[in-house]
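> fold the following for me, if possible:
(one chain, ligands or ions: 1)
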Amino acid sequence: MTVRTTTKGNPVNAFSNLKETGLAGKVVIITGGAQGIGLATARRFRAEDSQVVIVDLKTQPGDEVALELGATFMPLDVTDEAAVNAMAEEVFAKYGRIDVLVNNAGITADGKMVSIDKATGELKFMSLDRWDRVMDVNLRGAFICSQAVLRYMVPARSGCLLFASSIVATSGNAGQGNYGASKAGLLALMKAYARELGKFGIRSNAVLPGFTETSMLDTVPKWMMDAIIDGTPMGRLVDPRHIANAYANLAGDQSASTTGSSVAVDCGFTL
Ligand SMILES: NC(=O)c1ccc[n+]([C@@H]2O[C@H](COP(=O)([O-])OP(=O)(O)OC[C@H]3O[C@@H](n4cnc5c(N)ncnc54)[C@H](O)[C@@H]3O)[C@@H](O)[C@H]2O)c1
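As a prediction, this is how the structure comes out:
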């Protein structure tokens, strides 16, 4: 049997221009892009020849990595609405467009919501401050950043919002009530944007990373890390580059019909 691969009329042709991601030259803002998953994502979009803007609280290593990647770095706290709006205005003034926002900045402040003090037998509660800090960066920050870029995406009738949720958004996690709630909130926010903005050509999607090899896991005790790896079908942590691949795939033209979806990249942890 002759296998036809490139001739006219071959079904392969129907996909030929869908192999292009269309990400070259696109302006991509990545929050929390100075390290970890955000940095891997900045590298991934640069590999597509996108114009990458890294925003992060950390000027070091933000400045350095941006220089190395040929990206732009802007110091930013995603919870500061005025600063976020000014950043989006500056990016638009410089590039004339904003195509993709990766809402990646996130923090943990783990602790049980209620526990019993071993020494005194007293009930201890998660402080409101610990709750608010996590909700502020993870959920409110993503809302502020999304609203800021939509000022430019809606008139352009084009754009892509991406959200860093987590596997704990759906399963919940003891000791992470605040974090899980923020990540579940992001899923609802992502879906609301997908519903509201589809008619403007704007897509909204999320990635649910499993336990990923970054410094975010530095505070997790070794016995817990061992148990996590043991309970993961693939027997290892997620490589941050694979999360970055998921973002790039969702942003690319090959996913032009995908909105309101969430992709788990977790080595099978949530199976
Ligand atoms: N590592 C994991 O196992 C894992 C799992 C699920 C989801 N996630 C999510 O993925 C995202 C990236 O995680 P990571 O592991 O790379 O974490 P990380 O701690 O290595 O990086 C987070 C980055 O966000 C920045 N940041 C924090 N607060 C900020 C603020 N207010 N304004 C601007 N920047 C701020 C930090 O400076 C840092 O550079 C987070 O949203 C996290 O919740 C991570």
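> helices of this structure, start to end?
Along the chain, counting by DSSP state H, helices occupy 36-47, 59-69, 81-95, 128-135, 141-156, 168-171, 177-197, 222-230, 240-251.
> which one is Ile107 nearest to, not counting chain neighbours?
Closest residue in space to Ile107, ignoring its immediate chain neighbours: Val137 at 4.9 Å, by Cβ to Cβ, 6 or more residues apart in numbering. Bear in mind the C-beta positions are built from the backbone N, C-alpha and C, glycine included.
> and for Trp131?
With Cβ to Cβ, 6+ apart as the criterion, Trp131 has its nearest non-adjacent residue at 4.8 Å, and that residue is Asn178.
> quick one, what contacts the one you found?
Residues near Asn178 by Cβ atoms under 8 Å, 6 or more residues apart in numbering: 109, 111, 126, 130-131, 133-135.
> identify, from the residues you listed, the entry nearest to Glu89.
Nearest to Glu89, judged by Cβ to Cβ, of the contacts of Asn178 is Met135 at 26.0 Å.
> ok, how many other residues are close to that closest one?
Met135: 16 surrounding residues under other Cβ atoms under 10 Å.
> buried ones in stretch 189-202?
Judged by neighbour count using 16 or more other Cβ atoms under 10 Å, the buried positions of stretch 189-202 are 189-191, 193-194, 197, 202.
> residues in contact with it?
Outside stretch 189-202, the residues within contact range by Cβ under 8 Å, 6+ apart are 139, 142-143, 146, 150, 153-154, 157-161, 163, 165, 203-206, 259-260, 262.
> are any of those buried, and which?
139, 142-143, 146, 150, 153, 158-161, 163, 165, 203-206, 259-260, 262.
> what's the end-to-end length of stretch 91-110?
34 Å (Cα to Cα, to the nearest Å).
> sorry, back to before: can you put the helices of the chain in TSV and add distance to the ligand and mean pLDDT?
Listed next are these as TSV, based on distance: least, Cβ to the nearest ligand atom, whole Å; pLDDT from 0 to 100:
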stretch	distance to the ligand	mean pLDDT
helix 36-47	2	98
helix 59-69	8	98
helix 81-95	9	98
helix 128-135	9	98
helix 141-156	6	99
helix 168-171	7	96
helix 177-197	7	98
helix 222-230	9	94
helix 240-251	7	98
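> so where's the longest strand in this structure?
Secondary structure assigned by DSSP state E gives strand 202-209 as the longest strand of the chain.
> that strand pairs with which strands, parallel or anti?
If you go by DSSP bridges, strand 202-209 pairs up with strand 159-164 (parallel), strand 262-265 (parallel).
> now render those as CSV, adding mean pLDDT and distance to Ala184.
Shown next, in CSV, are these (pLDDT from 0 to 100; distance: least, Cβ to Cβ, whole Å):
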stretch, mean pLDDT, distance to Ala184
strand 159-164, 98, 11
strand 262-265, 98, 11
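> could you dump those into CSV with distance to the ligand added?
Listed next are the strands paired with strand 202-209 as CSV, based on distance: least, Cβ to the nearest ligand atom, whole Å:
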stretch, distance to the ligand
strand 159-164, 4
strand 262-265, 9
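> just put those strands in CSV and tack on distance to Ala227.
Shown next, in CSV, are those (distance: least, Cβ to Cβ, whole Å):
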stretch, distance to Ala227
strand 159-164, 24
strand 262-265, 20
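> what pLDDT does the closest residue to the ligand within the stretch 51-200 of the chain get?
Of all residues in the stretch 51-200 of the chain, Gly106 sits closest to the ligand, at 2.2 Å by Cβ to the nearest ligand atom. On the pLDDT scale, Gly106 is placed at 98.
> ditto for Val3
At Val3, the model reports a pLDDT of 56.
> list the contacts of Leu162.
Residues near Leu162 by Cβ under 8 Å, 6+ apart: 100-104, 204-207, 247, 250-251.
> got the contact list for the nearest residue to Pro240 once chain neighbours are set aside?
Nearest non-adjacent residue to Pro240, counting by Cβ to Cβ, 6+ apart: Ala40, 4.0 Å away. Contacts for Ala40 were tallied using Cβ under 8 Å, 6+ apart; they are 240-241, 243-244.
> re the thing from before, next, count neighbours for the residue nearest to Ile107.
Neighbour tally, Val137, other Cβ under 10 Å: 22.
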